[in-house]
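A.B. asks: Pasting the sequence and the predicted coordinates here, then a few questions.
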Amino acid sequence: MNLLRLKLMRREGMRRLQDAEALSGLQDADAMSGLLDSDGMSDSHYLLRLLALELLLKCLCLASGCDAKKVRGHNYDVLFQTLPEPTKEELLRLAKSRLGRPTGLTGNLHSILGELSANFIDLRYPYEKYESLDERRYVELGDKWIAEGAPLEKATFRYHSEELFGLTYALVELTRQFEWD
């Protein structure tokens, strides 16, 4: 285990979380001051949170003795599965304790990790999901989805913000030993 690598990974993960918080605050302030309308806000803060999750998860994987060759890519479920069982259990225990109420991490963990992974990839270029549509059809589909009550299972992107928050919190705690001095 390369201690410097783990410290650098954790530091970069923490920086991404700080950047996400700063960007989120700036967007909220700009929207409130009238500089942005509600559609003018990007998903950049969310993408930074996903990147932080990935960096911290990879840091924990390496610190737990996982094969470095398997700690690659953006599939968070595969990364999670490489963790030793006690580490997985502690990660989930901490994440759930932070959320304080029933969460999808209990029964839908693999699906949620899969959707978070997909979001990290797909939200960098979200317009690609709609390449085959013209503007009229795009608006129609959105209106129809809203008229149906905006069912989450039919959403193009599902954020899982609470679960992301809980998992990130747990990863910050479990990698605290690699805090930059």
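C.D. replies: Cool, the structure landed.
A.B. asks: what residue lies at the spatial centre of the protein?
C.D. replies: L50 (3.1 Å; Cα atoms, centre = their mean).
A.B. asks: Would you mind measuring from it to E131?
C.D. replies: For L50, the distance to E131 equals 22 Å [Cβ to Cβ, to the nearest Å]. All C-beta atoms are positioned from the backbone trio N, CA, C, and that covers glycine.
A.B. asks: repeat for A68
C.D. replies: In terms of Cβ to Cβ, A68 sits 36 Å off from E131.
A.B. asks: cool, R15 as well?
C.D. replies: Distance of R15 to E131, given as Cβ to Cβ: 33 Å.
A.B. asks: wait, what's in contact with the residue lying closest to the residue nearest to the centre of the chain once chain neighbours are set aside?
C.D. replies: Of all residues not flanking L50 in the chain, F120 sits nearest, at 4.3 Å (Cβ to Cβ, 6 or more residues apart in numbering). By Cβ atoms under 8 Å, 6 or more residues apart in numbering, F120 lies in contact with L47, L50, L51, E54, H74, Y76.
A.B. asks: now do F165
C.D. replies: F165 touches R98, L99, counting by Cβ under 8 Å, 6+ apart.
A.B. asks: Can you read off the pLDDT for it?
C.D. replies: According to the prediction, F165 has pLDDT 94.
A.B. asks: That one sits in which helix or strand?
C.D. replies: Here F165, judged by DSSP states H and E, is contained in helix 161-174.
A.B. asks: Give me the buried positions along that helix.
C.D. replies: Buried positions in helix 161-174, judged by neighbour count with 16 or more other Cβ atoms under 10 Å: E162, E163, L164, G166, L167, T168, Y169, A170, L171, V172, E173, L174.
A.B. asks: buried ones in the helix or strand in which A118 is found?
C.D. replies: For A118, the host element (DSSP H and E) is helix 109-122. Using 16+ other Cβ under 10 Å as the test for burial, helix 109-122 gives L109, I112, L113, E115, L116, S117, N119, F120.
A.B. asks: How about stretch 67-77?
C.D. replies: So, applying 16+ other Cβ under 10 Å, buried residues of stretch 67-77: V71, N75, Y76.
A.B. asks: residues making contact with it?
C.D. replies: Residues contacting stretch 67-77 (Cβ under 8 Å, 6+ apart): 53-54, 57-58, 61-62, 78-79, 82, 109-110, 113-114, 116-117, 120-121.
A.B. asks: packing partners for the single longest helix found in the chain?
C.D. replies: Longest helix in the chain, counting residues (DSSP state H): helix 3-32. Packing contacts for helix 3-32, counted by 3 or more Cβ pairs under 8 Å, 6 or more residues apart in numbering; DSSP states H and E, involve helix 44-63, helix 161-174.
A.B. asks: Compare the ones you listed and report which one is nearest to P102.
C.D. replies: Within the helices and strands packed on helix 3-32, the stretch nearest P102 is helix 161-174; the backing value is 10.4 Å (Cβ to Cβ).
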